[in-house]
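Student: Below are the sequence and a predicted model for it; my questions follow.
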Amino acid sequence: MIIVFIVLLIAIILFIFDFWRYDIVAIMALLFITVIGIIPFEQTFIGFSHSAIITVIAVLIISKGLINSGLVDEISKKLSKVSNNTILQIFILLMAVSILSAFMNNVGALALLMPVAIRFARKAGKSPSIFLMPLAFGSHFGGWITLIGTPSNLIVSSFRVRNGVGPFNMFDFSLIGIGISLACIIFIALGGWRLIPKRERRDPEGALTQINKYLTEVHITEKSKLVGKRLYDITNITSADVIIINLIRDRTMHPAPSNLRVLQEGDILIIEGNHEDLKLFINDTKLELSEDRTFKEGIFGSDEVSVMEVVIGPTSIMNRQTVKSLNLYNTYGINLLAIAHHEERLITRLNRIKLKIGDVLLIQGHKETLDATLSDLGCLPLAERSINLGKPRQIFLSIIIFGTALAISALNILPVHIAFSIAALTMILFKVISLEEAYKSINWPIIILLGAMIPVGLALEITGGSRFIASILLESGIIVSPLIALILILIITMFLSDIINNVAAVIIIAPIAINLAMTFGVSIDPFLIAVLIGGSSAFLTPIGHQSNVLVMGPGGYKFGDYWRLGLIIEVIIIVVGIPLILLFFPF
């Protein structure tokens with residue numbers, strides 16, 4: 001038991017500091033407790049045969065099918081026509097993302113609606129930060145509504161099965177989730193959004209990323225107007241608002257160079273500025289972008305060449321890679337023109353920057369291949385797409401397939417993992433989604449995390465660790481009744497979800513919650529629902545959920561921005577959620 005506690009503590013620390021990705025940490029924990037004999041060798045990978053794994057894979061494939069069919073894009077198109085009223089826009093965005101994320105991958109729902117939110121901001125002349133954080137938070141709300149709303153729900157349901165009660169049905173806790181969601185949506189729309197820090201800097205022509213400045217490199221060539229000029233003279237050549245971060249000459253970096261330094265041919269400048277200022281600066285000074293290789297006639301777009309702002313998604317192959325190691329031009333035929341890192345100020349060479357989820361990139365490539373390339377890279381465009389990207393419309397077919405799977409699972413005709421697997425296969429057979437797209441749509445890090453953490457959670461139970469923690473809580477004198485225990489479980493799960501992945505959080509807390517319920521001699525259901533609700537309530541930090549990280553760059557948020565709105569939302573969850581839980585799942 002002590003060994004399991006130590007392993008879990010180390011895993012939580014590694015999850016928080018993100019030294020290794022969460023799936024690697026989970027595998028390390030699993031293999032360690034296997035090697036030392038806590039889990040038998042033949043049960044090491046039993047988690048990968050769990051029905052929750054199959055359901056998550058099927059839901060991800062179906063989500064991609066719904067996107068391919070044009071259904072979700074049509075919804076996005078309708079939403080973009082909402083009147084220019086901030087309260088109404090935020091309300092509609094929250095309702096839409098909550099409903100979508102209840103039935104499809106929540107990060108996918110967020111990604112589809114981010115361009116709509118940014119368009120709202122541009123039309124209203126407001127900062128995108130006002131819209132993007134509520135949108136990210138709203139993508140969590142769907143996890144409270146259906147069994148498939150988030151992978152952690154399926155894990156909680158499996159604990160119910162393990163205790164002989166049977167799984168949750170598709171809509172068992174929907175009324176609870178809808179009630180909490182509506183309370184949070186109304187609060188955010190009516191005034192909660194005012195708690196979000198507003199980044200007021202905006203580009204006059206509506207560049208989508210309006211908060212963080214880009215960092216890029218430029219070469220001084222013989223044709224440049226800066227040859228022989230002092231840095232001080234730049235203001236006489238261009239009105240662009242850029243900052244010279246570094247001067248590189250003969251492979252030597254000179255941070256914050258003096259304004260009196262004379263520039264030479266071959267010098268490299270690392271400059272910081274927004275999209276429009278970078279464009280103006282390069283055009284006025286006749287400099288060349290260091291990363292640009294073939295598109296020099298149309299650096300900022302032409303009939304054949306397009307420039308697009310994108311954000312690095314949670315499954316992107318660019319995450320944790322450097323610009324140099326990606327070799328984007330030779331491998332993918334695109335150029336990386338500039339990078340906007342969230343929160344950090346970068347002073348290194350562009351090709352040495354380690355990219356992260358949520359970074360905003362200025363990408364240049366040929367129009368006919370750019371969309372496909374971004375899909376391969378796992379990047380999400382911050383501009384509204386043309387509907388369906390040229391795919392044949394199969395909206396009606398996708399609705400029939402998905403609706404049938406929902407009905408079959410809701411009526412308990414087939415288990416959810418079987419019904420949704422059939423639906424995913426049907427979408428592939430009817431070419432709503434290709435086999436290649438199906439495999440690409442699967443979030444493999446989450447699958448690895450699930451498969452590895454399920455046996456780790458089992459180890460916590462078989463060693464008596466969950467019973468021990470429950471007894472410590474009871475002996476502390478804090479828990480004097482089942483109601484106090486229920487509130488505490490919800491708070492602890494929310495807190496843990498704020499700092500580590502929600503799947504790991506519920507795997508750790510669910511067995512403790514069950515032991516508390518059994519000690520009081522009451523039903524385990526309200527405690528499992530509290531864990532389920534808390535597992536989708538990561539609102540205090542950007543690291544608790546991929547959706548929070550994804551908007552950090554486009555919204556220009558700092559780490560400490562999230563708790564301002566998130567803390568009140570978590571209080572609302574407790575105040576509204578506990579009575580609703582006890583109403584539908586009494587002790």
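Tutor: That came through, no problem. Being a predicted model, the structure only gives us computed values, none of them experimental.
Student: which residues in the protein form strands?
Tutor: Ranges of strands in the chain, per DSSP state E, are 214-219, 243-249, 252-255, 268-273, 288-289, 305-312, 335-340, 360-366, 379-381.
Student: and residue 432, which of these is closest to it?
Tutor: Distance to residue 432, taken as CB to CB, is lowest for strand 379-381 among these, at 21.1 Å. The C-beta positions use only the backbone N, C-alpha and C, and glycine is treated the same way.
Student: Quick check: neighbours of that closest one in the sheet, parallel or antiparallel?
Tutor: Sheet pairing of strand 379-381 (DSSP bridges) gives strand 305-312 (antiparallel).
Student: chain center to the strand it pairs with, what's the gap?
Tutor: The chain centre lies 18 Å from the centre of strand 305-312; the measure is CA atoms, centre = their mean, to the nearest Å.
Student: CA atoms only for that strand - export them in CSV, please.
Tutor: C-alpha atoms of strand 305-312 as CSV (Å, rounded to 0.1, in the frame of the first residue of the first chain):
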residue,chain,number,x,y,z
VAL,A,305,-0.2,30.9,-51.4
SER,A,306,-2.2,31.3,-48.2
VAL,A,307,-1.2,32.4,-44.7
MET,A,308,-3.2,31.0,-41.9
GLU,A,309,-3.2,31.4,-38.1
VAL,A,310,-3.5,28.1,-36.4
VAL,A,311,-3.3,26.7,-32.8
ILE,A,312,-1.4,23.6,-31.9
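Student: In the stretch 101-250 of the chain, where is pLDDT below threshold?
Tutor: For the stretch 101-250 of the chain, applying pLDDT under 70 flags the ranges 199-213.
Student: do the same with the chain
Tutor: Low-confidence segments of the chain, defined by pLDDT under 70: 199-213, 275, 290-304, 341-351, 384-393.
Student: How is it divided into domains?
Tutor: 2-199+403-584, 214-381 (automatic domain parsing).
Student: re earlier: now the strands of the chain in JSON lines, with mean neighbour count?
Tutor: JSON lines is the format used below for these (neighbours: other CB atoms under 10 Å):
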{"stretch": "strand 214-219", "mean neighbour count": "23"}
{"stretch": "strand 243-249", "mean neighbour count": "18"}
{"stretch": "strand 252-255", "mean neighbour count": "11"}
{"stretch": "strand 268-273", "mean neighbour count": "22"}
{"stretch": "strand 288-289", "mean neighbour count": "20"}
{"stretch": "strand 305-312", "mean neighbour count": "22"}
{"stretch": "strand 335-340", "mean neighbour count": "24"}
{"stretch": "strand 360-366", "mean neighbour count": "23"}
{"stretch": "strand 379-381", "mean neighbour count": "22"}
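Student: These into a markdown table, with extra columns for distance to residue 319?
Tutor: Shown next, in a markdown table, are the strands of the chain (distance: least, CB to CB, whole Å):
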| stretch | distance to residue 319 |
| --- | --- |
| strand 214-219 | 18 |
| strand 243-249 | 24 |
| strand 252-255 | 26 |
| strand 268-273 | 23 |
| strand 288-289 | 23 |
| strand 305-312 | 6 |
| strand 335-340 | 13 |
| strand 360-366 | 12 |
| strand 379-381 | 10 |
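Student: Out of those, which is closest to residue 261?
Tutor: Closest to residue 261 of those is strand 243-249 (CB to CB; 6.6 Å).
Student: Quick one: list the elements packing against that closest one.
Tutor: Applying 3 or more CB pairs under 8 Å, 6 or more residues apart in numbering; DSSP states H and E, one finds that strand 243-249 contacts strand 252-255, strand 268-273.
Student: looking at the strands of the chain, which is closest to residue 587?
Tutor: Nearest to residue 587 among the strands of the chain is strand 379-381 (44.0 Å), distances taken as CB to CB.
Student: And the contacts of the closest one?
Tutor: The contact list for strand 379-381, computed with CB atoms under 8 Å, 6 or more residues apart in numbering, reads 111, 114-115, 308-313, 316, 318, 361, 363, 371, 374, 550.
Student: hmm, back to that, and the helices and strands packed on strand 243-249: which comes nearest residue 82?
Tutor: For the helices and strands packed on strand 243-249, proximity to residue 82 was assessed by CB to CB; strand 268-273 is nearest, at 32.3 Å.
Student: Centre of the chain to the closest one, how far?
Tutor: Here strand 268-273 is found 29 Å from its chain centre; the criterion is CA atoms, centre = their mean.
Student: Would you mind writing the CA trace of it as PDB?
Tutor: These are the backbone C-alpha positions of strand 268-273, laid out as PDB (Å, rounded to 0.1, in the frame of the first residue of the first chain):
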ATOM      1  CA  ILE A 268      19.600  38.100 -38.300                       C
ATOM      2  CA  LEU A 269      17.100  40.000 -36.200                       C
ATOM      3  CA  ILE A 270      14.700  38.300 -33.800                       C
ATOM      4  CA  ILE A 271      11.700  40.600 -33.700                       C
ATOM      5  CA  GLU A 272       8.400  40.600 -31.800                       C
ATOM      6  CA  GLY A 273       5.200  42.100 -33.000                       C
END
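Student: Can you list the buried residues in stretch 187-194?
Tutor: Within stretch 187-194, the residues that qualify as buried are 187, 188, 189, 192, 193, counting by 16 or more other CB atoms under 10 Å.
Student: Can you give me the first-to-last residue distance of it?
Tutor: Using CA to CA, to the nearest Å, the end-to-end distance of stretch 187-194 comes out at 11 Å.
Student: what comes into contact with it?
Tutor: 86-88, 90-91, 94, 130-131, 133-134, 137-138, 565, 568-569, 572.
Student: Surely residue 447 is in contact with residue 53?
Tutor: Yes. Contact status for residue 447 versus residue 53: in contact at 6.1 Å, counting by CB atoms under 8 Å.
Student: rewinding a little: pick out whichever of the buried residues of stretch 187-194 sits closest to residue 438.
Tutor: Nearest to residue 438 among the buried residues of stretch 187-194, counting by CB to CB, is residue 188 at 34.9 Å.
Student: picking that back up, and of the strands of the chain, who's closest to residue 454?
Tutor: strand 305-312 (28.6 Å).
Student: what angle sits between the closest one and strand 335-340?
Tutor: Calculated by axes from the mean of the first three to the mean of the last three CA atoms, to 10 degrees, strand 305-312 forms an angle of 40 degrees with strand 335-340.
Student: now the angle from strand 305-312 to strand 214-219?
Tutor: Computed by the same axes, to 10 degrees, the angle between strand 305-312 and strand 214-219 is 140 degrees.
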